[in-house]
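Student: Sequence and predicted model, in that order:
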Amino acid sequence: MSTQQDLYDVTIIGGGPIGLFTAFYSGMREMKTKIIEFLPFLGGKVPYFYPEKIIRDVGGIPHVSGEEFTENLIEQAKTFDPTIILEQQITGMERLDDGTFLLTSSNGDKHYTKTVILATGYGTLQSVKLDLPDAVVFEENNLHYYIRKLQSYAGKQVVISGGGNSAIDWANELEPIADKVTLVYRKSSFTGIESNITKMMNSSVEVLNPYEITELNGGNGQLSSIVIKHVEDGTVKEIKTDSLIVNHGFNIDLGQITDWGMQMNGGSIQVDHTMVTSVPGIFAVGDIANYPGKLNLIAGGFNEGPIAVNHAKLHISPKTELKSIYSTNYEPLLDK
Ligand SMILES: Cc1cc2nc3c(=O)[nH]c(=O)nc-3n(C[C@H](O)[C@H](O)[C@H](O)COP(=O)(O)OP(=O)(O)OC[C@H]3O[C@@H](n4cnc5c(N)ncnc54)[C@H](O)[C@@H]3O)c2cc1C
């Protein structure tokens, strides 16, 4: 049984860009708001895939790096002090007798809420880990699965493992910053964007293929060298490294959310013009939401959040007036 204290008006599942902006707007509609995010950080795909890329297609922002954009979104999301929970994956949903929802995390935590807004993207993002027994030992220090700040590799000997677009992109971006970049790939040829492959091949990046990593060496959690083996002739080499970046792809998993009884459309959730799913009280916004003409753009998701919030408010209090609230004349924000 929930108490008044732990019952939220809105629980937003997913702390990506759309979940964050939705939380801001939910605060502006004076809804008690909680965000639950699976990753240990907020921002979703933006910090995960492109923290250093320049975003140019959000209205009013000519250009901004993914990192700065994320920082701004987090600051904005915190305007009305929502509860933010990291490192929890929501798996279970139960509609209680009073019409509210009980959400359950994979760690067993329970969250009570009057409405749910799914802002999960295509699901939880998990990098494919290096399949070597001691890889986990070095993860805390210098074995990474994604790049948060290019500059943190300045002057370093960096090895990148992988041959997809992201791995090649990272090699090209790190080449002018790192002391040396080596790319190790297990296949004989690359299939990514040709211009990026050509750029890498014409740069100082040392490309070693077809090789795969067979051994990690180091001490005290610090990786100092790797051993690679030629996939065809079995010859081995040892390479000294300050940092190993592994990009072997990632898994995206919506998990048990697909069993919640909502109408799905391929890998996404069908919503109507109010962003409600086929389960009353559960809304979807951002990449996971599907409707005719849907565009998976951040700018589009920024409109879906307020629509979902306004209808969540209507779901809770059917007599609420459905209106656009402007931040410019919203009283609690005037003196901020
Ligand atoms: C390389 C790349 C470049 C891009 N460039 C642009 C661009 O320039 N402009 C643009 O408009 N768009 C761009 N996009 C698309 C844009 O990033 C997405 O449209 C946007 O991130 C969608 O935001 P979201 O909040 O819906 O989902 P996401 O960003 O995917 O965030 C969803 C979050 O929900 C969390 N989550 C999922 N399931 C659960 C669960 N069960 N419990 C708890 N948490 C959960 C995930 O961990 C994730 O953090 C790009 C995408 C990529 C991959």
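Tutor: Nice, thanks for sending it over. Residues are numbered from 1 along each chain as shown.

Student: use CA for all of it now, contacts and neighbours both
Tutor: Noted.

Student: Gly43 and Trp170, how far apart?
Tutor: According to C-alpha to C-alpha, to the nearest Å, Gly43 and Trp170 sit 20 Å apart.

Student: where along the stretch 151-300 of the chain do the helices fall?
Tutor: Across the stretch 151-300 of the chain, reading from the start of the chain, the helices by DSSP state H, counting those that start in this stretch fall at 165-174, 194-201, 298-316.

Student: quick revisit: which residue of Gly43 and Trp170 possesses the greater neighbour count?
Tutor: The neighbour comparison of Gly43 against Trp170 (other C-alpha atoms under 10 Å) goes to Gly43, with 24 against 20.

Student: How about the residues of the stretch 101-250 of the chain by the ligand?
Tutor: Where the stretch 101-250 of the chain comes near the ligand, counting by C-alpha under 6 Å from any ligand atom, the residues are Ala119, Thr120, Gly121, Tyr122, Gly123, Thr124, Leu125.

Student: pretty sure Asn265 contacts Ala289?
Tutor: No - no contact is recorded between Asn265 and Ala289 when judged using C-alpha atoms under 8 Å, the distance being 9.2 Å.

Student: Comparing these two, which residue is more hemmed in?
Tutor: Counting neighbours by other C-alpha under 10 Å for Asn265 and for Ala289 shows that Ala289 has the greater number, 29 against 13.

Student: Using pLDDT, spot the least trustworthy of the residues of the stretch 101-250 of the chain next to the ligand.
Tutor: Across these, the member with the lowest pLDDT is Leu125, scoring 88.

Student: Just give the nearest non-adjacent residue to that one, would you?
Tutor: Spatial nearest neighbour of Leu125, chain neighbours left out: Ile252 (4.9 Å); criterion: C-alpha to C-alpha, 6 or more residues apart in numbering.

Student: Contact partners for that neighbour?
Tutor: Each residue near Ile252 by C-alpha atoms under 8 Å, 6 or more residues apart in numbering is listed here: Tyr122, Gly123, Thr124, Leu125, Gln126.

Student: distance of it from the ligand?
Tutor: 8 Å (C-alpha to the nearest ligand atom, to the nearest Å).

Student: Now do that residue against Ser278, distance only.
Tutor: In this structure, Ile252 and Ser278 are 23 Å apart, going by C-alpha to C-alpha.

Student: still on that earlier bit, export the residues of the stretch 101-250 of the chain next to the ligand to TSV and append columns for neighbour count, distance to Gln157 and secondary structure.
Tutor: Putting those into TSV (neighbours: other C-alpha atoms under 10 Å; distance: C-alpha to C-alpha, whole Å; DSSP: H, G, I helix; E, B strand; the rest coil) gives the following:
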residue	neighbour count	distance to Gln157	secondary structure
Ala119	30	38	coil
Thr120	30	36	coil
Gly121	27	34	coil
Tyr122	17	35	coil
Gly123	21	34	coil
Thr124	20	31	strand
Leu125	18	28	strand
